[in-house]
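Participant: The following comprises the amino acid sequence and a computationally predicted model.
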Amino acid sequence: MYLHLGKSYAVSDKYILGIFDFDAVTDVGSATIEFLENAEKNGRVDVISADLPRSFIVTLDRVYISPIAATTLQQRLRRNKRFLSKGK
């Protein structure tokens, strides 16, 4: 199943390692900031929108910065998984 991240971006839930609230984990000097900066230097970051970033999604090979709240994305993912399990 694919998760819509905003604009025209969608990613397979098979490749999602984590969905994180941007404000909650990006304190100055944190390891998260270092991780995001390193990913950006290596060309692995996709900024989905010029809007205020609310979440970032870590996949096997990319990091997506999204204007959609992490809780909204997590709810979509859970809803998709429930839908699939009911169909079996």
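Facilitator: Looks like it came in fine.
Participant: Report the contact partners of the residue nearest in space to the middle of the chain.
Facilitator: Central residue of the chain (CA atoms, centre = their mean): I57, 1.7 Å from the mean position. For I57, the contact set (CB atoms under 8 Å, 6 or more residues apart in numbering) comprises L3, L5, V11, I16, G18, I19, F20, V63, Y64, S66, L73. C-beta: built from backbone N, CA, C; applies to glycine.
Participant: Just to check, the fifth one is in contact with V58?
Facilitator: Read it as G18. Yes. The pair G18 and V58 qualifies as a contact (CB atoms under 8 Å) at a distance of 4.8 Å.
Participant: So which of those two has more stuff around it?
Facilitator: The residue with more neighbours, out of G18 and V58, is V58; 18 against 12, by other CB atoms under 10 Å.
Participant: For the residue nearest to the centre of the chain, give the beta-bridge partners.
Facilitator: Assessed by DSSP bridges, I57 has beta-bridge partners I19, Y64.
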